[in-house]
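Asker: coords below, sequence missing:
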């Protein structure tokens, strides 16, 4: 039986997300990001195309590594201005029934008690369709925004994250029993106090002495996404993540990463199938291969290499403005996204130059697009799924909404004809649609906190 391919839209509540410069295309509507109707229309489209979800990226700082200033990011709309993605989700959920919502929230700068309530609220309001992309941040500008001199060291951020996760698990899984809500109007008793527990947590980073304010939501713990691909990140993913977001241009590297994360999960007592992996991809589709290439050439005329370097400088921790076109770039020891540095070294070789990077930034990002007809792209997705073990793809936008329309009109039917894409949604919560169960399985580390603290 062929593997089912899953699709997420990959987006951000801003103008310029991944493919920098596409906002200048005359047909692009990303400038409507302040308009709630824009997001509601977007959600309806995705559900009509049987997308599993929309995966929202987010950052809490501005990209100011390039040239030591935010000026280029502001001029090029490189993920600034950026709005809070959590606030548009209820409106998108109100016009859909099945679409899932994965939202990036940075735990380094979020108080766990308040964050846990916000996620439970979103899970209630969406009918159990919320997911959380767990990130620890990588921008010094975000750290400075909340009064720190700079961000915490890479591996230390994961140590903090481990404690954070244990605390929110206690709140989500252990504070309320499933049958605590009585709603007894005759006796005037809404909740049974004997079935609600105060969480007592005192750790290295956090101290909480309180019950969870929200009653148990359909999923209790949101579907857990994670995008760290460094060695430390992979171990964190194997422990906590249900869905892992990876990037890369070579099948061998992705295959190794997928296998490694699942092997680590199994070593921790989880099942390999409890971890689904989504590969980042950018598609340019046409009725024919020639049509797609023509569209691609049109798109690339609007790509901004300057804005692409602004984005890359922040995520790699390197100020590319200091280097000439063919001057060797010293990657050094970055405290940004370590896996991005490792991936760039694999693709560009150990000695980078701006020219080498520009060769990859054909649409304003380091992610080379896949260009072709529906048949060509469908075959490509199937081959990547079969040969690397990825379960699906996070599709970053180019020119919206036509990039989404093209997937729905051309690609989805081609995948369905191959028997690798759904023709209807499974009933239930986001987790049920992905894994067949509404709550985290007993093998997940969160299960130890059920029924009380450990």
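Answerer: Happy to help now that I have it. These numbers come from a predicted model, not from an experiment.

Asker: Tell me how far residue 45 lies from residue 377.
Answerer: 18 Å (Cβ to Cβ, to the nearest Å). (C-beta placed from N, C-alpha, C; glycine too.)

Asker: what about residue 8, which SS state?
Answerer: Of the three states, residue 8 takes strand under DSSP: H, G, I helix; E, B strand; the rest coil.

Asker: I'd guessed it sits against residue 397; true?
Answerer: No: taking contacts as Cβ atoms under 8 Å, residue 8 lies outside contact range of residue 397: 11.7 Å.

Asker: tell me the pLDDT at residue 333?
Answerer: For residue 333, the pLDDT comes out at 48.

Asker: actually residue 338, sorry about that
Answerer: Residue 338 is given a pLDDT of 48.

Asker: ok, now residue 174?
Answerer: 97.

Asker: now residue 137
Answerer: With respect to pLDDT, residue 137 scores 75.

Asker: now swap in residue 153 and tell me
Answerer: pLDDT recorded at residue 153 is 67.

Asker: try the one 4 residues further on
Answerer: Residue 157 is assigned 80 on the pLDDT scale.

Asker: what's the spacing between residue 215 and residue 116?
Answerer: Note on residue 215: its distance to residue 116, by Cβ to Cβ, is 12 Å.

Asker: Show me which of these two is the more surrounded one.
Answerer: Just comparing residue 215 and residue 116: by other Cβ atoms under 10 Å the higher neighbour count belongs to residue 116, 25 against 15.

Asker: what bits of this structure have low per-residue confidence?
Answerer: 1, 150-155, 330-350, 452-454 (pLDDT under 70).

Asker: picking up where we left off before, so between residue 45 and residue 377, which is more surrounded?
Answerer: Each of residue 45 and residue 377 has its neighbours counted (other Cβ under 10 Å); residue 377 has more, 25 against 18.

Asker: gap between that one and residue 406?
Answerer: Distance from residue 377 to residue 406, by Cβ to Cβ: 10 Å.

Asker: who touches both of the two?
Answerer: Common neighbours of residue 377 and residue 406 (criterion: Cβ atoms under 8 Å, 6 or more residues apart in numbering): 283, 285.

Asker: and residue 199, backbone torsions?
Answerer: phi -90, psi 120 (degrees, to the nearest 10).

Asker: How many residues are close by it?
Answerer: By other Cβ under 10 Å, 21 other residues sit near residue 199.

Asker: May I have the residues that are in contact with it?
Answerer: With contact taken as Cβ under 8 Å, 6+ apart, residue 199 is in contact with 167, 170-171, 174-175, 208-212, 453.

Asker: so what's residue 105 closest to, chain neighbours aside?
Answerer: Using Cβ to Cβ, 6 or more residues apart in numbering and skipping the chain neighbours, the partner closest in space to residue 105 is residue 132 (6.0 Å).

Asker: circling back: wait, which of the contacts of residue 199 is closest to residue 311?
Answerer: Using Cβ to Cβ, residue 167 comes nearest to residue 311 of these, at 32.5 Å.

Asker: Report the buried residues of the helix or strand hosting the closest one.
Answerer: Residue 167 is part of helix 154-169 when elements are defined by DSSP states H and E. For helix 154-169, a neighbour-count test (16 or more other Cβ atoms under 10 Å) marks 154, 157-162, 164-169 as buried.

Asker: got the contact list for it?
Answerer: Counting by Cβ under 8 Å, 6+ apart, 107-108, 112, 115-116, 119, 134, 136-137, 151-152, 199, 201, 203-206, 208, 221, 228, 230, 232-233, 236, 239-240, 335, 338, 445-446, 449 sit against helix 154-169.

Asker: Just the buried subset of those, please.
Answerer: 107-108, 112, 115-116, 119, 134, 136-137, 151-152, 199, 201, 206, 208, 221, 228, 230, 232-233, 236, 239-240, 335, 338, 445-446, 449.
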